[in-house]
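Student: quick one: sequence and predicted model below, then my questions.
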Amino acid sequence: MADNFGKMMKATFRGLLILLGSIAGYQISSLLLPHLPSGWFPWTIAWIPGDIAFRLFCVLFFSSVGFVLTPLFLNGLGFISSLFERHLQTTSWQDISSATMGLIIGLLVANLIALPFSDLPIGSYIAVFLNVVLGYVGARLVLKRQQDIRGMLSPLFGLKERLQNLKGKHHNHSKAETLLELDRNARRKVLDTSVIIDGRILDIARTGFLEGVLILPRFILIELQAVADSTDPARRTRGRRGLDVVNALQDITGLNIEIFEENLKDLKVGSVDEGLVALALKIDADILTTDYNLNKIAQIQGISVLNVNDLANALKPMLLPGETITVDVIREGKEIHQGVGYLDDGTMLVVEDGENFIGKKVEVVVTSMLQTSAGRMVFGKIRREVRS
């Protein structure tokens with residue numbers, strides 16, 4: 001069937017190019033005839049006038065050119081299509097729609113600006129130049145600022161939602177319809193195995209900070225079950241805790257959990273991480289994870305990642321250079337003469353010249369901080385020993 005369709009398309013394009021070549025030949029002959037000498041038609045045949053013979057020659061010549069160029073045109077069209085397909089595989093539908101909207105806006109502005117120049121001899125060239133430049137600028141501008149534009153339009157969506165809620169007071173809505181209204185403007189989020197086993201996602205959900213639909217792929221559930229059935233007691237405990245977290249998430253009022261049935265084979269990938277990335281690209285969703293490597297891979301492919309570790313680090317209190325804190329030095333540091341202690345929230349505090357104070361409580365002056373996706377480190381100098 002595909003071969004028949006290819007043959008039909010090839011015949012259609014060949015006929016189209018032959019037709020265009022014939023029209024071009026006729027128009028070119030009409031342009032050239034007034035400039036040719038009146039007696040210059042050596043190929044005049046019998047009763048056919050010379051000008052008609054010249055027109056027929058041009059039509060046949062350019063239609064033959066169209067016939068010959070058909071394979072080259074189809075090969076070029078296939079190359080351009082494959083090029084677009086490769087680029088669009090790593091581009092989300094949200095980016096495509098934003099760029100298209102920006103292109104349309106740019107073309108409208110370009111044509112409005114080009115109207116005063118339409119009567120000039122070079123008016124058409126100015127119009128083409130403005131369309132190309134402003135179309136590109138509009139697409140790129142909207143693509144880069146789509147988050148800001150969405151923020152500007154959010155009050156309109158909120159007003160629409162409030163009007164729908166007022167209207168809905170006179171009707172009985174099912175639970176699914178209510179969740180659909182709440183989640184209409186929220187992005188979907190795909191849950192990773194690590195974030196489920198970690199468990200902190202449950203506390204975040206209970207506080208009400210999570211909105212939208214949470215997507216739980218079937219292959220993540222299968223991986224959780226495999227971990228829960230492991231012979232290793234530690235892995236088995238982590239897997240069972242992950243299953244308990246899933247059950248608890250489903251019981252939270254106002255949180256919509258969807259089980260996505262597509263498996264790794266359907267997504268044409270070989271690993272769970274690749275499946276999460278492919279699924280997020282396919283349904284235009286974010287990824288919820290605590291996996292550092294998955295975080296980086298997803299960001300490279302243009303996927304928004306919500307890392308619970310980043311959220312936890314952002315919620316830790318800020319310590320400015322010069323502040324004084326009290327800490328117990330519990331072990332040696334990696335560098336010579338360093339000691340290491342931990343704050344109440346788990347932040348590591350590296351104490352210069354703290355090796356001799358191991359096992360003691362000291363007052364430390366903060367000198368600097370280092371923030372990474374893996375956590376936060378604080379560096380300080382000993383001010384004095386705190387005696388109890």
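Tutor: Alright, I've got the coordinates.
Student: by mean pLDDT, point me to the weakest helix or strand of the protein.
Tutor: Least confident helix or strand of the chain, by mean pLDDT, DSSP states H and E, is helix 175-182 with a mean of 48.
Student: can you pull out the helices in the stretch 1-150 of the chain?
Tutor: Along the stretch 1-150 of the chain, counting by DSSP state H, counting those that start in this stretch, helices occupy 2-32, 50-89, 93-114, 123-144, 146-168.
Student: could you pull out the buried residues of the second one?
Tutor: Looking back up the chat, that one is helix 50-89. Neighbour-count burial for helix 50-89, with 16 or more other C-beta atoms under 10 Å as criterion, is recorded at 50, 54, 55, 56, 58, 59, 62, 63, 66, 69, 70, 74. The way it works is simple: take the backbone N, C-alpha and C, and place the C-beta from them, glycine included.
Student: for the fourth one, same thing?
Tutor: Of the residues in helix 123-144, those buried by neighbour count under the rule 16+ other C-beta under 10 Å are 126, 127, 130, 131, 134, 135, 137, 138, 139, 141, 142, 143.
Student: and if you look at stretch 235-249?
Tutor: Going by 16+ other C-beta under 10 Å, stretch 235-249 has these buried residues: 238, 239, 240, 241, 242, 243, 245, 246, 249.
Student: for the helix or strand containing the last one, packing partners?
Tutor: When elements are defined using DSSP states H and E, residue 249 is found to belong to helix 233-250. Helices and strands in packing contact with helix 233-250 are listed as helix 193-198, helix 200-207, helix 218-228, strand 256-260; criterion 3 or more C-beta pairs under 8 Å, 6 or more residues apart in numbering; DSSP states H and E.
Student: ok and that helix relative to helix 200-207, angle-wise?
Tutor: On the basis of axes from the mean of the first three to the mean of the last three C-alpha atoms, to 10 degrees, helix 233-250 is oriented at 20 degrees to helix 200-207.
Student: what average pLDDT does helix 233-250 get?
Tutor: Helix 233-250 comes out with an average pLDDT of 90.
Student: now do stretch 294-311
Tutor: Averaged over stretch 294-311, pLDDT sits at 87.
Student: can you list the domains in this protein?
Tutor: Recorded structural domains for the chain (assignment: automatic domain parsing) are 2-144, 187-313, 318-385.
Student: what about the first one, distance to the chain center?
Tutor: So the one you mean is domain 2-144. 33 Å (C-alpha atoms, centre = their mean, to the nearest Å).
Student: I'd say residue 101 and residue 145 touch.
Tutor: No. Shown here, residue 101 and residue 145 do not form a contact pair, counting by C-beta atoms under 8 Å, at 11.5 Å.
Student: pull the most distant pair out of the buried residues of helix 123-144.
Tutor: Within the buried residues of helix 123-144, 126 and 143 form the most distant pair, 25.8 Å apart (C-beta to C-beta).
Student: how about residue 58, what does it touch?
Tutor: By C-beta atoms under 8 Å, 6 or more residues apart in numbering, the contact set of residue 58 is 25, 26, 28, 29, 32.
Student: just give me the closest of those to residue 382.
Tutor: Nearest to residue 382, judged by C-beta to C-beta, of the contacts of residue 58 is residue 28 at 90.5 Å.
Student: for that closest one, the count of nearby residues, please.
Tutor: Neighbourhood size, residue 28 [other C-beta atoms under 10 Å]: 15.
Student: quick check: the nearest residue in space to it that is not next to it in sequence vs residue 321, distance?
Tutor: Leaving aside its sequence neighbours, residue 28 sits nearest to residue 58 (C-beta to C-beta, 6 or more residues apart in numbering; 5.6 Å). Residue 58 is 83 Å from residue 321, where distance means C-beta to C-beta, to the nearest Å.
Student: surely residue 365 is in a strand?
Tutor: Yes. Counting by DSSP: H, G, I helix; E, B strand; the rest coil, residue 365 falls inside a strand.
Student: dump stretch 356-369 to PDB, restricted to CA.
Tutor: Only the C-alpha atoms of stretch 356-369 are listed here, as PDB (Å, rounded to 0.1, in the frame of the first residue of the first chain):
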ATOM      1  CA  ASN A 356      41.400  19.200  67.000                       C
ATOM      2  CA  PHE A 357      37.800  19.900  68.100                       C
ATOM      3  CA  ILE A 358      36.300  16.500  67.000                       C
ATOM      4  CA  GLY A 359      33.700  15.500  69.600                       C
ATOM      5  CA  LYS A 360      33.300  19.000  70.800                       C
ATOM      6  CA  LYS A 361      30.700  21.700  70.300                       C
ATOM      7  CA  VAL A 362      32.100  24.900  68.800                       C
ATOM      8  CA  GLU A 363      30.800  28.300  67.700                       C
ATOM      9  CA  VAL A 364      31.600  28.800  64.000                       C
ATOM     10  CA  VAL A 365      31.600  32.000  61.900                       C
ATOM     11  CA  VAL A 366      30.200  31.300  58.300                       C
ATOM     12  CA  THR A 367      32.700  32.300  55.600                       C
ATOM     13  CA  SER A 368      31.000  30.900  52.400                       C
ATOM     14  CA  MET A 369      28.400  28.600  51.000                       C
END
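Student: what residues are up against the nearest residue to residue 303 once chain neighbours are set aside?
Tutor: Spatial nearest neighbour of residue 303, excluding adjacent residues (C-beta to C-beta, 6+ apart): residue 280 at 4.9 Å. Shown in contact with residue 280 (C-beta under 8 Å, 6+ apart): 190, 286, 287, 298, 303.
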